[in-house]
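> Turn this into a structure:
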Amino acid sequence: MEGKGIVFVISAPSGAGKTTLIREILRRISGLSYSISYTTRPPRPGEVDGKDYHFVTEEEFMEMAREGKFVEWARVHGALYGTPKENLYPEPGTDVLLDIDPQGAKQVKELRPDAVLIFIVPPSMDELERRLRERKKDSEEDIRRRLSNARKELDQVGLYDYIVVNDELENALQYLSSIILAERCKTERVLKEGIRWRV
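Reported below is the predicted structural model:
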């Protein structure tokens with residue numbers, strides 16, 4: 001749709017630090033909103049319904065899917081996740097950040113070819129495993145599954161416009177901020193907004 005805000009899609013393997021980066025970038029950059037997804041997984045400690053996710057039952061989720069309310073949805077790590085269609089068309093001057101997996105990123109790109117896809121990667125698979133174990137949230141089986149899924153997701157990085165290595169938090173935040181601000185300054189976007197200047 002013409003005149004709508006920029007859609008930024010951020011994907012990352014579980015444990016790469018994506019949630020921390022997203023929370024901090026939303027605090028630092030004005031005019032950026034977060035697309036709240038729906039999920040059937042239970043809330044983790046500290047998560048708030050309607051802020052982190054919309055937590056629903058599998059029956060409620062599937063009803064929404066049948067009604068065509070999601071631009072994309074998938075089962076990830078045993079739970080269902082879906083992105084509401086309405087979140088793809090933010091108001092002008094308000095860009096939106098979506099936290100979704102590579103499968104969902106492809107579907108978003110089909111509806112919004114101008115969406116900006118950013119992939120967050122850990123410095124290494126060893127470091128990813130260390131982070132997963134350090135957070136002590138997952139069983140051994142879950143960790144193995146997450147590492148296996150991470151390898152598959154990393155095979156999809158070629159679909160993305162940008163890759164940010166999350167080695168040190170501040171470095172990764174600087175790169176992520178730079179991408180968002182540079183995209184806002186692209187000539188085609190500035191001209192589309194109808195900004196005029198005196199020559």
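
> name the helices or strands packed onto the helix or strand bottoming out on mean pLDDT in the chain?
None of the helices or strands of the chain scores lower by mean pLDDT, DSSP states H and E than helix 125-134, at a mean of 79. The helices and strands touching helix 125-134, judged by 3 or more CB pairs under 8 Å, 6 or more residues apart in numbering; DSSP states H and E, are helix 140-154. (Each C-beta comes from the backbone N, C-alpha and C, glycine too.)

> List the residues that contact the residue positioned nearest the centre of the chain.
Nearest to the mean C-alpha position of the chain, by CA atoms, centre = their mean, lies residue 99 at 1.8 Å. Contacts for residue 99 (CB atoms under 8 Å, 6 or more residues apart in numbering) come out as 10, 11, 18, 19, 22, 34, 35, 37.

> picking up where we left off before, any chance you could list what contacts the least confident helix or strand of the chain?
Contacts to helix 125-134, defined as CB under 8 Å, 6+ apart, come from residues 13, 14, 15, 16, 17, 122, 138, 143, 146, 147, 150, 151.

> how about those, which pair is most distant?
17 and 151 (17.5 Å; CB to CB).

> picking up where we left off before, what confidence value was assigned to the residue nearest to the centre of the chain?
Here the pLDDT value assigned to residue 99 is 90.

> same deal with the one 5 residues further on?
Model confidence at residue 104, expressed as pLDDT, equals 86.

> helix, strand or coil for the nearest residue to it once chain neighbours are set aside?
Sequence neighbours aside, residue 72 is the residue nearest to residue 104 in space, at 3.9 Å (criterion: CB to CB, 6 or more residues apart in numbering). Following DSSP: H, G, I helix; E, B strand; the rest coil, we place residue 72 in the strand state.

> Same question for the one 3 residues further on.
Under the three-state scheme (three-state DSSP), residue 75 adopts strand.

> how deep is it tucked in, by neighbour count?
Residue 75: 10 surrounding residues under other CB atoms under 10 Å.

> Dig out what it forms beta bridges with.
For residue 75, the beta-bridge partners are residue 80 (DSSP bridges).

> Tell me the spacing between it and residue 156.
17 Å (CB to CB, to the nearest Å).

> go on, residue 5?
For residue 5, the distance to residue 156 - CB to CB - is 25 Å.

> got it, and residue 46?
Relative to residue 156, residue 46 is positioned 29 Å away (CB to CB).

> quick one: which of those two has more around it?
Between residue 46 and residue 156, counted using other CB under 10 Å, the more crowded position is residue 156 (16 against 6).

> Quick one: residues contacting the more buried one.
Residue 156 neighbours (CB under 8 Å, 6+ apart): 11, 102, 105, 119.

> With neighbour count and distance to residue 54 as added columns, please give those in CSV.
Output for the contacts of residue 156, formatted as CSV (neighbours: other CB atoms under 10 Å; distance: CB to CB, whole Å):
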residue, neighbour count, distance to residue 54
11, 24, 20
102, 21, 22
105, 23, 20
119, 25, 25
